[in-house]
Each structure stands twice: as C-alpha cells, then as structure tokens.
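Trainee: Just to be clear, the model below is a prediction. Sequence and coordinates:
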Amino acid sequence: MIDFADQVAVVTGAGRGLGRVYALELARRGASIVVNDIGATMHGGGLDTAVADQVVDEITASGGTAVASYDSVDSPAGGEAIVRTALDEFGRLDAVISNAGIFNSIAFDELTPVEWRRMLSVHLDGAFYLSQPAYRVMKKQGYGRFVFIASSAGMFGQHLEAHYAAAKAGIVGLTNVIALEGEPHGIRANTVLPFGISRMVTETLGDPKALEDNGFFAAIRPELVAPLVVYLASRACDVNHQNFSACAGRFARVFIGLSEGWLAPRDGDPTAEDIAGHLEAVAATDPFTVPGSIYDEVFAVTRRLGVTG
Ligand SMILES: NC(=O)c1ccc[n+]([C@@H]2O[C@H](COP(=O)([O-])OP(=O)(O)OC[C@H]3O[C@@H](n4cnc5c(N)ncnc54)[C@H](O)[C@@H]3O)[C@@H](O)[C@H]2O)c1
C-alpha cells in the first residue's frame, strides 16, 4: 500500500473542490496535512477561514492529522508562511500539492491587464512563491514531491481563458525546471491536468439543468483525480518531469513532442518559400521525440548537422 506514514503534505486550495479530496485521501493514507485555503469566491474575492477549518475538522474526525493555513499563495510572504506552518506544526515537509486557483471567462479582446495579472498572480506566481521555500526544505532533506495542478486549457487551449491558460501553461514550464534541478536531490516534480466537477464547472455553466442532463459532468468525479495526485505525491512515485491528465477515470500522459521536421540543405540559406514548400515535413507530428531538456533538442540537431563541439 502507498502510505504517507511520518510524512507531511501541503495542499493549497484544500478547503473545497478537488483540493479537499486530495487532502482527505492523503490524510487517510497517513500524511499530516496543511490544509491551506483563503476561502475565496471562484473569482478570488473574499476570505473565509471556515473553509479550511471544515476540512481540518473532517480529517481529524476520521482520525487523521491536519492543521489549517489561511495564507494566500499569491505573495512571497504567503508562500513562506505556508511552508513555515508545515515545519512549525509537523517538523518537516515531504509533498506539496500546488492546487489553489481562481477562474473566470473573458473574451481575449476584453481581457484587462488587471484581470490578466490577477489570474497569473494566483496560479503562476503562487506556484513559484510556494514551491521555492518548499524546494529549499526538500533539497536540504534530500527528498520531496511536487504535484503542480495545471490544466488542459493551458496545454491545448480553451476559449475565453487566455489568462488562465497562460498561467497554467506557465506552471508546466516551472515544473520542467524544478524537475531537472531537483532530480539530484531526490525531488520529483510533475503536473496533473484534472477534470472534476466543482464550483469552477457549476458556476461557469450556471445552468443546473444542463449539468443534471450531462453524462460527462456526472462522470468527472473529483475522486477520480485523487489516485494520480496521491501517487505522484508519494515515496512510490517513480516519474519526474511529466504531465498527466486525469479525466473520468482515464489517466494519460500529456507530453510535448519534437518532430523530426525538415532540415534545410546547408548550401544556402532557406527562404520563406522553402518553409511553405516543406510545410508538410515541418508540421508533421511523426516521427517525434520527447526531449528531456533543451539539450536533447540541441544535441539532436548538432548530430544531424554533423557538428561537433
Ligand atoms: N475543476 C476542474 O475541472 C479543473 C480543471 C482543470 C484545472 N483545475 C484546477 O484545479 C484546481 C482546483 O480547482 P477546483 O475546481 O477544485 O476549484 P474550487 O474553486 O472548488 O477550489 C479552489 C480553492 O482554491 C482556494 N483559493 C483561491 N485563491 C487562493 C489563494 N490565493 N490562496 C489559497 N487558496 C486559494 C479557493 O478558496 C478554493 O477553495 C485549480 O487550480 C483549478 O484551476 C480544475
């Protein structure tokens, strides 16, 4: 059994929705949990400490161990305070589930700089502000697990979500580097792209009838995301630097591939017309590789060019 005996996990945005389910399952498996949540509205307004407190009560009522944290992830001081809570209350920090989030839908031509910044500050800045102090603790102890909650909106696109998608795709970039730098220190960093019925879905749709009649919404129970998050947060986690989608019981890797492309002849500079003429090869997705870092791409090109040194 995958267990978290003697381990401590931080789950941000754990007072509701998917984060609550992750926190309950980690606690059930023995982790001491920092239940972080400011208790905001879906758009990020307001504060309500009862939201985190309720999940702490749920965990402790079923024999688990948890403490509430009401700090916002969207400032360096907030991220530091969340990590400090884990250390002060439980003496260590093994896993971070960076899940706190806000959501709204705005057409790209109407998106204001304030709305853009607000979205990035919670999702992307928040992931950085939390993970950097956590990383320092994990590096020192030679062990750690990061599960960053991204989104298919960021990887594949979603109408009306330029700000949200950019923030979530940015989280993938952040994870790529934490995974590479953390690997020699026993740290693993991966992302999860979840689908789960929560207020993010219900408030966005706004039509209860549409929800009731829709088989997909009935199928995306948050409990069907938790197994993946829990695995990636555990000692058993054998993967690093990867992205996984969890949707209605379908678990799948999401990756960025690099196609073979078209290599221009070296006896003259390629023109825009050459690109148009070779677009089929340039844009083909097969064959492809999945580079482990930027260096894999560089080495693949230098090999084809016959360049050494
Ligand atoms: N529900 C889905 O289908 C879905 C799909 C893709 C990604 N996600 C992501 O999963 C995560 C959880 O979403 P959810 O659907 O459970 O939403 P939710 O609104 O139910 O829960 C999010 C929680 O985050 C908290 N929060 C917001 N700002 C915070 C801050 N600054 N600091 C600390 N806590 C804060 C909120 O108070 C709330 O309790 C989010 O990152 C979301 O973007 C969800």
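Mentor: Structure received. Numbers count the residues shown, from 1 in each chain.
Trainee: just checking, what's the longest strand in this protein?
Mentor: Taking DSSP state E as the criterion, the chain has its longest strand at strand 187-194.
Trainee: That strand near the ligand anywhere?
Mentor: Yes. Using Cβ under 6 Å from any ligand atom, strand 187-194 comes into contact with the ligand via P194. For glycine as for every other residue, the C-beta is placed from the backbone atoms N, C-alpha and C.
Trainee: Quick one: mean pLDDT over that strand.
Mentor: When pLDDT is averaged over strand 187-194, the result is 98.
Trainee: Only C-alpha atoms, please: export it in PDB.
Mentor: Taking C-alpha atoms only, strand 187-194 is exported to PDB below (Å, rounded to 0.1, in the frame of the first residue of the first chain):
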ATOM      1  CA  ILE A 187      12.900  15.800  -5.600                       C
ATOM      2  CA  ARG A 188      10.300  14.800  -8.200                       C
ATOM      3  CA  ALA A 189       8.000  17.400  -9.900                       C
ATOM      4  CA  ASN A 190       5.100  16.500 -12.100                       C
ATOM      5  CA  THR A 191       1.900  18.200 -13.200                       C
ATOM      6  CA  VAL A 192      -1.700  17.000 -13.200                       C
ATOM      7  CA  LEU A 193      -4.300  18.300 -15.600                       C
ATOM      8  CA  PRO A 194      -7.600  17.400 -13.800                       C
END
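Trainee: list the buried ones in it?
Mentor: Using 16 or more other Cβ atoms under 10 Å as the test for burial, strand 187-194 gives I187, R188, A189, N190, T191, V192, L193, P194.
Trainee: Before we move on, what's the pLDDT of the nearest residue to the last one once chain neighbours are set aside?
Mentor: Spatially, and ignoring its direct neighbours in sequence, P194 is nearest to V225 (4.3 Å; Cβ to Cβ, 6 or more residues apart in numbering). Reading off the per-residue confidence, V225 sits at a pLDDT of 98.
Trainee: change the start of the numbering to 7 and stick with it
Mentor: Fine by me, first position is 7 from now on; the one you just mentioned is V231.
Trainee: backbone phi and psi for V231, please?
Mentor: phi -100, psi -30 (degrees, to the nearest 10).
Trainee: ok, now R98?
Mentor: When read as degrees, to the nearest 10, the backbone of R98 gives phi -160, psi 180.
Trainee: Over to V40?
Mentor: Dihedral angles of V40 (phi, psi; degrees, to the nearest 10) stand at phi -90, psi 110.
Trainee: What is the burial count for it?
Mentor: Applying other Cβ atoms under 10 Å, we find 29 residues neighbouring V40.
Trainee: what does the longest strand of the chain rub up against?
Mentor: Residues from elsewhere that reach strand 193-200, judged by Cβ atoms under 8 Å, 6 or more residues apart in numbering: 24, 141, 144-145, 149-158, 160-161, 177-178, 181, 184-185, 188, 228, 231, 234-235, 238, 243, 245-253, 260.
Trainee: Can you tell me which of the buried residues of strand 193-200 lies closest to the ligand?
Mentor: Distance to the ligand across those (Cβ to the nearest ligand atom) is lowest for P200, with 4.9 Å.
Trainee: The closest one and I155, how far apart?
Mentor: Relative to I155, P200 is positioned 6 Å away (Cβ to Cβ, to the nearest Å).
Trainee: Name the residues contacting each of these two.
Mentor: Looking at what touches both P200 and I155 (by Cβ under 8 Å, 6+ apart), the common residues are L24, V235.
Trainee: ok so, going back, near the ligand too, which of the contacts of strand 193-200?
Mentor: Taking Cβ under 6 Å from any ligand atom as the test, the ligand is in contact with L24, I155, S157 out of the contacts of strand 193-200.
Trainee: Just confirm V288 is within a helix.
Mentor: Yes. Counting by DSSP: H, G, I helix; E, B strand; the rest coil, V288 falls inside a helix.
Trainee: Let me know how buried it is, in neighbour terms.
Mentor: Applying other Cβ under 10 Å, we find 14 residues neighbouring V288.
Trainee: Look at L217 and tell me its secondary structure.
Mentor: Taking three-state DSSP as the rule, one finds L217 in the helix state.
Trainee: Make sure it is actually in contact with L211.
Mentor: Yes. Here L217 lies in contact with L211, judged by Cβ atoms under 8 Å, at a distance of 6.0 Å.
Trainee: Kindly report the residues of this protein close to the ligand.
Mentor: Selection of the chain residues close to the ligand by Cβ under 6 Å from any ligand atom yields 18-19, 21-25, 42-46, 48, 50, 57, 78-80, 105-108, 128, 132, 155, 157, 200-202, 204-207.
Trainee: which among those end up buried?
Mentor: Among those, those scoring as buried are 18-19, 21-25, 42-46, 48, 50, 57, 78-80, 105-108, 128, 132, 155, 157, 200-202, 204, 206-207 (criterion: 16+ other Cβ under 10 Å).
Trainee: Just the ones of those in strands?
Mentor: Using DSSP E, those in strands are T18, N42, I155, P200.
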